[in-house]
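[1] predicted model, plus sequence, below.
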Amino acid sequence: MTLPKGKNFGSMNAPIEEVLPFTEAFYSVVRMRTGSGEGFVLLDKGDPIAAGFHDGSQDLLGESALSFLSDEPSPACMLFRYDPDEYLKAIDWCREMGYEISTEAGQAPARDEERMPEETSAPVLTDEALNLILSQPGVIAVSAFFEGFAVQSAGAADFDRIAAVAEDLLRAGSKIAGDMETGDLDQIILETPGGKLIIAPFGDLSLCILTAANANLGLVRLALRSIRWSE
């Protein structure tokens, strides 16, 4: 048995403490590559459960691996999401190999169906999720809207006007995607010299993200993907 691969939901070059907020909604593993070797951190909704690191001269396990990886200023990180079964297999493998950070923190969920962690069938929007997007460099405002009306927002903007415009763009984009038979609409990105606008379906709602012109869209899209349970 090996560590399950999971579903890739993004990558970034950043210290591990900046990566953790992207993993707080689900079970995941962050695979990391440094200048000298590679490692991983297994996460239970943002909390480190196990870690390992290997290079040509050393093998670090558990707390020592986490400490070493936490000191890396900008490792290459690839984020993978686990379903409950993959997460349980990952815990079992880490225990067998000695990668657990602590027995108490790494205690696996019960295996009976009543206590197993469950995958939710629809995304859940919280203030923390909105703030995760808002905290990305260059993001000015983020709003969830329904039928052209803002229902949940963060940042500084005229949300009612933005929601109305975003609804028109979303409907036009959905029609174009349908006419082209290219599948369901995933995102609309509008770029102008003055800024960028990202619109994406989110369960029964839609999200609209307003950014500065120099915003890092990769980080914004990673934050968006990390809160979209239905992906």
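    Looks like it arrived, so ask away. Numbers count the residues shown, from 1 in each chain.
[2] residue contacts, residue 135?
    residue 21 (Cβ atoms under 8 Å, 6 or more residues apart in numbering). Where C-beta positions appear, they are placed from N, C-alpha and C, glycine not excepted.
[3] what distance do you get for it to residue 50?
    Noted for residue 135: a distance of 27 Å to residue 50, by Cβ to Cβ, to the nearest Å.
[4] mind listing the strands in the protein by residue range?
    For the chain, strands defined by DSSP state E occupy the ranges 7-13, 27-33, 37-44, 47-55, 59-61, 76-82, 139-146, 149-155, 188-192, 195-202, 205-211.
[5] which one, of those, ends up nearest to residue 131?
    strand 149-155 (6.1 Å; Cβ to Cβ).
[6] same for that closest one, what does it pack against?
    Secondary structure elements in contact with strand 149-155, counted by 3 or more Cβ pairs under 8 Å, 6 or more residues apart in numbering; DSSP states H and E, are helix 127-134, strand 139-146, helix 159-180, strand 205-211.
[7] averaged pLDDT, that strand. What do you get?
    For strand 149-155, mean pLDDT rounds to 88.
[8] could you do stretch 178-190 as well?
    On average, stretch 178-190 scores 86.
[9] so the spatially most central residue of the chain versus residue 134, what's the distance?
    By Cα atoms, centre = their mean, the chain has its centre lying nearest to residue 226, at 2.3 Å. The gap separating residue 226 from residue 134 is 14 Å, by Cβ to Cβ.
[10] contacts only, for the residue lying farthest from the centre of the chain.
    Distance from the centre of the chain peaks at residue 57, with 32.5 Å (Cα atoms, centre = their mean). Contact partners of residue 57, counting by Cβ under 8 Å, 6+ apart, are absent.
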